[in-house]
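S.K.: heads up, no residue letters with this:
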């Protein structure tokens, strides 16, 4: 068994025998396995590469895939930024960040421009990503064809043959029935003219950021054990007819109550009086674009208890 | 915006952890010892070991205790721990005929060679809630020991899971002449006395001798598929199916087996040739001599089950057999497993049934995905609302309060499509 | 569905049963065979019309079709007639690529003059041919249509598969095709599951014509329809076959269908071709006893 002999050379006998000290959550061999899958993913943009996807100390569906990808990529000299819904301080983001920092011994960073690896659930930061950065998106459902065909065998055949007619028919039917494309987040995209992917539940607002991105984008689905990637400067096109332009979320006249931005992804906070307050989903970006520092306290809102 | 404070997130997590720990470790009653969990909650521990696919009663007991009895949480703890363990060696295949039985029943034959060995089972114990006052317990145990010691001349035995020497529980055997046995005889059955009794001939061999079975030993799947190293997908070999079934959540397995009973193609049910609970040796090759050496014993439940082949494309002159094996004493799991192994075989390993078995029965995956719904989804929910408002605006023909299109598109673009429709 | 490597290796090199066909044919089939079960030589003997069975007495295999030769030219319709179990639908499925043939050679030439050995193509390549070159209209519309998709969406399917990406153009092409097949445009956006049998067949025909195929395969296209509905569908198909340059193969058990749509016909019984000729002549003067029987039944 090659794996066993590799393990033997990798670890001392004492380590093999085990000790009482708590074990690390992700060992070097496992990281290497993820990196191997990732190399394939980068070489074949948009292709879903199966990987072993170990059980992690977070539940499936809670970022176990993103966590493995980030741990496989990050080094002690790097800085990690972790966001959930655009927020660095969300409880799940916080939990994942402490696991990553605990394992990798890397630095923490909230400023997008200063992070080497950004792990995110459902958002791409507002600040354009740069060359050398890696965005790791947590993916709940990696299979874009699941909505049109149930059999995994058939899904694999369709990807292999680039047979996406059923996706186009669904889009056609959607427009016929609803007058608009009603697909919301997780909008299917064609990568490099070859594979259709699920970009994870990012809003349509973030989809254009994937096209010709300076940064490497890694999409990792732990529960479903698949990893795929969009290398820098890859063509990413949302599936859309030539004469029905792709549209993104927008609310006329809405602007962030803190920073005043009206060109970011805003989320509505319903008030008891029936009105809606709009705030930036990207809290770090928002805090850096305020007219003055005094407003900072206003962002804090309620604390989870 | 309950999660938005930069410091609040971490503080909230730490506070929640504190509450969990205090609630678990404090309390007015004494803390459960691991021995207590292993012995008194043995079926809970067995189930967790099976679903975690890790034989370790000690660690599983820790997990059950830490999870405050939540089976899923305990299994998840054990799985996460398991995945950090180095692999010291790979065990050699073991022939399940070697199973040293604690219990063995056949539904297919009234009195198979080796006879029925009822053993420790709840099957025929009245489902009556025991309302004995707590203070009477000690006296009751003393009486129980005395009566058992008297009728069998057998000392009190302990069950030490994980021990090479197994346990000395009182297995009961149904008297061979069951026509004449009375209720008392059945309840006070004799203990198995020799090794032969512990290792009865297999019903499967009997069936093979009768030349009634479909041949399932194809030799196409020589190396077991390691589902923890390679994701199992439709088309995976039988060893992958069996591994996924062995790790599956018991409740999910039972449900899925039950659901198939309502499918016209699977109406009726299979008949277990054997349901067994007992010890299996675990051997690894010695690193120097290369000879297999027994290093431990594991306790397992295994089931072989038979089904009538009755579909038009099947050989009606034969019977098909399914197999299930899981760690610990968990008969309902092993029986469902065997039934589902059969179902996959009959429909093919790329069938819908195979896909369901390989993809949907894992407890960590199903529970994790379900519970992730508690995470914030407001970014995508806003996108959903955006689309609803866009459709609504088109239907009512009014400019929406919240307009929908940010990209520079011709103003009447949606109307154009509407007109086309 | 797909040939195993072994099967491909076994049959790829099969020699031509007759001299190479004239390039004028859209489809030229030689020695087509399909056996279910043991595919060895042993299964052939003892089957066919002279033995009154397609089941091999030696191996129990079903010789559904064997030694079938046929040709069809652009703008021409060839009939294949026989009772159920005669192998006619098997031949059609092998040509369509719905199942792999056991033996034989199928030479296909499209509108543009490029030629392919269908029997040597991979399953992927065969599926690709089905998008633009070869269309099938099935007896059961559920095989040819997606029932919960609208009539227009069903026609859009082959168009998008062929690379159409303009919603307006897809829609006008679908409208045009549905008009041509006399599907009320008012119902274009309704799911086809709500349509009558005849209307479903019209949608199937519209879909089959979407990419101007070179070869159209019609498998019992009117069986199961009421006589008056069937007549309407047949009229439509006759008109379409006359207007277009498509080569068509019409499989039916019903001589009236064959008579209306085709100029040449082959008669199949127990997996073999027992007679071939011009449809008119064969109807006038059938030679083989089985053909005589079929004609008598039709005239009955």
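M.R.: Structure received. All of these numbers come straight from a predicted model, not from anything done at the bench. Numbers count the residues shown, from 1 in each chain, chains lettered A, B, ... in the order given.

S.K.: contacts, neighbours, all on C-alpha from now
M.R.: Noted.

S.K.: For chain B, just list every one of the strands.
M.R.: B:100-105, B:271-285, B:292-308, B:319-327 (DSSP state E).

S.K.: swap in chain A?
M.R.: A:49-50, A:79-84, A:107-108, A:117-121, A:134-138, A:189-191, A:195-197, A:216-221, A:226-230, A:236-238, A:266-270, A:276-280.

S.K.: same deal with the stretch 151-300 of chain C?
M.R.: Here the stretch 151-300 of chain C has its strands, by DSSP state E, counting those that start in this stretch, at C:215-219, C:247-252, C:264-269, C:272-278.

S.K.: Adding mean neighbour count, distance to residue C:139 and mean pLDDT, write those out as CSV.
M.R.: As requested, those are arranged in CSV below (neighbours: other C-alpha atoms under 10 Å in any protein chain shown; distance: least, C-alpha to C-alpha, whole Å; pLDDT from 0 to 100):
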stretch, mean neighbour count, distance to residue C:139, mean pLDDT
strand C:215-219, 25, 6, 96
strand C:247-252, 26, 10, 96
strand C:264-269, 25, 19, 96
strand C:272-278, 19, 22, 95
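
S.K.: Rounded mean pLDDT for stretch A:244-262, please.
M.R.: The average pLDDT within stretch A:244-262 is 94.

S.K.: nope, stretch C:63-80 is what I was after
M.R.: Stretch C:63-80 comes out at a mean pLDDT of 95.

S.K.: got the end-to-end distance for that stretch?
M.R.: From its first residue to its last, stretch C:63-80 covers 18 Å (C-alpha to C-alpha, to the nearest Å).

S.K.: got a list of contacts for stretch A:225-236?
M.R.: A:37-38, A:41-42, A:45-53, A:65, A:131, A:142, A:189-193, A:208, A:210-221, B:231 (C-alpha atoms under 8 Å, 6 or more residues apart in numbering or on different chains).

S.K.: Among those residues, name the buried ones.
M.R.: A:37-38, A:41-42, A:45-53, A:65, A:142, A:189-192, A:210-221, B:231 (16 or more other C-alpha atoms under 10 Å in any protein chain shown).

S.K.: Ok, which of the strands of chain A comes nearest residue B:130?
M.R.: Proximity to residue B:130 (C-alpha to C-alpha) singles out strand A:216-221 among the strands of chain A, at 47.8 Å.

S.K.: What number of residues are in the vicinity of the residue nearest to residue B:299 when sequence neighbours are not counted?
M.R.: Nearest non-adjacent residue to residue B:299, counting by C-alpha to C-alpha, 6 or more residues apart in numbering or on different chains: residue B:279, 4.4 Å away. Residue B:279 is flanked by 26 other residues according to other C-alpha atoms under 10 Å in any protein chain shown.

S.K.: Please apply the same query to residue B:12.
M.R.: 18.

S.K.: Residue B:280 too?
M.R.: Counted with other C-alpha under 10 Å, residue B:280 comes out at 22.

S.K.: Would you quantify the distance from it to chain C?
M.R.: 41 Å (C-alpha to the nearest C-alpha, to the nearest Å).

S.K.: which ones are touching the residue nearest to residue B:299?
M.R.: B:99, B:100, B:101, B:102, B:166, B:297, B:298, B:299, B:300.

S.K.: Repeat the analysis, applying 7 Å as the threshold.
M.R.: Residue B:279 makes contact with B:99, B:100, B:101, B:297, B:298, B:299, B:300, according to C-alpha atoms under 7 Å, 6 or more residues apart in numbering or on different chains.

S.K.: Flag every buried residue along stretch B:232-252.
M.R.: Buried-residue list, stretch B:232-252, by 16+ other C-alpha under 10 Å: B:232-250, B:252.

S.K.: scratch that, stretch B:201-220 is what I was asking about
M.R.: B:201, B:202, B:203, B:204, B:213.

S.K.: Closest one of those to residue A:167?
M.R.: For the buried residues of stretch B:201-220, the nearest to residue A:167 is residue B:213 (45.6 Å; C-alpha to C-alpha).

S.K.: Tell me, what's the model's pLDDT at the closest one?
M.R.: 91.

S.K.: Same question for residue C:136.
M.R.: Here, the pLDDT recorded for residue C:136 equals 97.

S.K.: excluding its backbone neighbours, what's nearest it?
M.R.: residue C:217 (4.6 Å).

S.K.: which ones are touching residue 131?
M.R.: The chain I'm using is chain A. Neighbours of residue A:131 in contact, by C-alpha under 7 Å, 6+ apart: A:214, A:215.

S.K.: hm, I was asking about chain B
M.R.: With C-alpha under 7 Å, 6+ apart, residue B:131 has no contacts at all.
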